[in-house]
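Visitor: Predicted coordinates and the sequence they were generated for:
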Amino acid sequence: MATGTLKERVCPTFVTESLAAVSHRPHGSSTSASSNVIPIIAQPRDINLVQKGSTTKTQGRFKPLVFTTTPIVASTSVISRRDNDHWVDKITSTSPDTFNIEAAPISIPSLVNITLPPKLSDRTRVQSWAVMLAALTDQDRRTCTLVSRTFRYAVYLSATHILTQKYHGCRLNQVMKCYPQKTTNMWPYLRQRQNEVAFWRHAFRNSWVGRYIFSFGIDPLSAHLWASADDEKQVVVALRFILTRLWFTLSVGTNEQDPSAWLKHTVEDAREVVKGEIWAITIRDGNSLSEFYVLESTCEVIGRALNAPQLEVYFSGLRADWSRYISSHTSVSAGPRNLISENLRWANYEEYDRGISRHWLCRISGEGDVGLSKKVVAERYVLACVLANSISGQWMSSNQMAQEFSGLSSQVTVVAIRGGAPKINLYLPAHHHVESVHFTTPKSVPLHPALAVIQTPAREYIVLKDNGMQVGCEEDGIASVWMCVLGCDKNGIAVVNSK
């Protein structure tokens, strides 16, 4: 869902270098409650429809149903009140700078059969009533449960129709295959999906990147993506793609007359191509659709689908090495799977493991979640810092890229490889080897939650945690444009804006 606590979880948390601060968000900043409050549905596994005043499953006199909920949202305060015998929960908005993009497996709540069913002769019109009830509000449906057993049964079945209308996709299909739809109470699962969408929308809208994107007056994701209809990680990858697109817009610029044109395109869909490594992102610009292949960890574009329209900023189609890699991992006859990281080339293999200090990796192995967080940021930084031709542009061998980076003449020619297309070469210069990662300044002051400091053999770089891309360095500090967007000073410390 979603790159912050680099421990996989959906709810936001904080991480700092101090083990005592693990209760904070992965980026070491304290939360400040905002004055805004939004209605949000509690965690699905703690939601049940129960009979009012009933504590057992014994069948007896009909009693009206109430929703029992136990809100579980990290770093938020909950205000609950009773409204017509139903709990209404409001969760105060989290700090705008505590949002991070991380995904986590979401368990499906246990689903049970609907209790107190009507007589078989009364069920003939239940399905048609359920369709109509699906269009009503929750309050209206609560009232309908008091009419009769038949209406109550139809209210339960309406959850299935709401799910089909708003959350259709592979995730829902898998659940539907496990439970009979005519007798199962699907409300716990519906509440879980509603809570998931509400969380991501609220967290992103109140984050620094969300504030900037929504300033253009557009919804960056389609409703299908907010719901992560086909994969739990869809919204996570889509939001990271938006972040990376923003980084390129602000740090590199575009060739279009409107510098913000990229940011106004809606992400329509995200589809996993190679598990855990490559995704296909579909964006909509007006009536036209374009599909790009991106790396999961940084969401940097590696190529474009052949049927996508020509855009000056990207190369046409997939390069031969990426095309070969994808086909070898998606074909029916695919053999043992190799990871993209196995194509990484770096200097000094004795002291560095995939460009990261072995000594430092050993040292953080005992830091728990904080150590894992730092390691993930380091891995993203490494992938973000490989030379440009490693990812896109003209294919080059590792030796050619090393010579070009060193200022030596290298004849860039397409090398014929025996047995097929050239293989992927990810070359990391020694300048970007990772010595350590820090979430605080040298004086132990927490950095902005979205930032981390990467210590390399030559200097310190300040990067975005969610994609590993640079926004500053130790000599110049944070770039002015990023200071404005992030809301931090030149040292990367969050600035509190008084209103």
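Guide: All right, it came through fine. These numbers come from a predicted model, not from an experiment. Numbers count the residues shown, from 1 in each chain.
Visitor: three-state assignment of residue 468?
Guide: coil (DSSP: H, G, I helix; E, B strand; the rest coil).
Visitor: OK, contacts around it?
Guide: Contacts for residue 468 were tallied using Cβ atoms under 8 Å, 6 or more residues apart in numbering; they are 297-298, 377, 379-385. The C-beta positions use only the backbone N, C-alpha and C, and glycine is treated the same way.
Visitor: Could I get the full set of helices for the stretch 351-499 of the chain?
Guide: 358-364, 369-385, 388-391, 398-405, 480-486 (DSSP state H, counting those that start in this stretch).
Visitor: tell me what the first one is packed against?
Guide: For helix 358-364, the helices and strands in contact under the criterion 3 or more Cβ pairs under 8 Å, 6 or more residues apart in numbering; DSSP states H and E are helix 369-385.
Visitor: quick one: the helices in this protein?
Guide: In the chain, the segments counted as helices under DSSP state H are 126-133, 138-144, 149-166, 170-178, 187-205, 208-214, 223-226, 234-251, 320-330, 358-364, 369-385, 388-391, 398-405, 480-486.
Visitor: Take those and lay them out in TSV including mean pLDDT.
Guide: Shown next, in TSV, are the helices of the chain (pLDDT from 0 to 100):
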stretch	mean pLDDT
helix 126-133	95
helix 138-144	95
helix 149-166	96
helix 170-178	95
helix 187-205	94
helix 208-214	92
helix 223-226	93
helix 234-251	94
helix 320-330	89
helix 358-364	97
helix 369-385	96
helix 388-391	93
helix 398-405	90
helix 480-486	94
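Visitor: The ones you listed: which one's closest to residue 472?
Guide: Of all those, helix 480-486 sits nearest to residue 472, with 6.8 Å by Cβ to Cβ.
Visitor: related to what we said a few turns ago, can you tell me which of the helices of the chain comes nearest to residue 459?
Guide: helix 369-385 (12.8 Å).
Visitor: Under the pLDDT cut-off, which ranges of the stretch 251-400 of the chain? List them.
Guide: 254-257, 306-316, 332-336 (pLDDT under 70).
Visitor: same thing but 50
Guide: Applying pLDDT under 50 to the stretch 251-400 of the chain flags the ranges 308-316.
Visitor: Sketch out the strands for it, chain order is fine.
Guide: If DSSP state E, counting those that start in this stretch is used as the criterion, the strands of the stretch 251-400 of the chain fall at 266-274, 278-285, 288-295, 301-304, 344-345, 352-353, 356-357.
Visitor: Go through the first one and flag the buried ones.
Guide: Of the residues in strand 266-274, those scored as buried under the neighbour-count criterion (16 or more other Cβ atoms under 10 Å) are 266-270, 272, 274.
Visitor: Put together a markdown table for the strands of the stretch 251-400 of the chain, with distance to residue 158 on each row.
Guide: As requested, the strands of the stretch 251-400 of the chain are exported to a markdown table (distance: least, Cβ to Cβ, whole Å):
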| stretch | distance to residue 158 |
| --- | --- |
| strand 266-274 | 28 |
| strand 278-285 | 31 |
| strand 288-295 | 33 |
| strand 301-304 | 42 |
| strand 344-345 | 52 |
| strand 352-353 | 54 |
| strand 356-357 | 52 |
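Visitor: Thanks a lot, catch you later.
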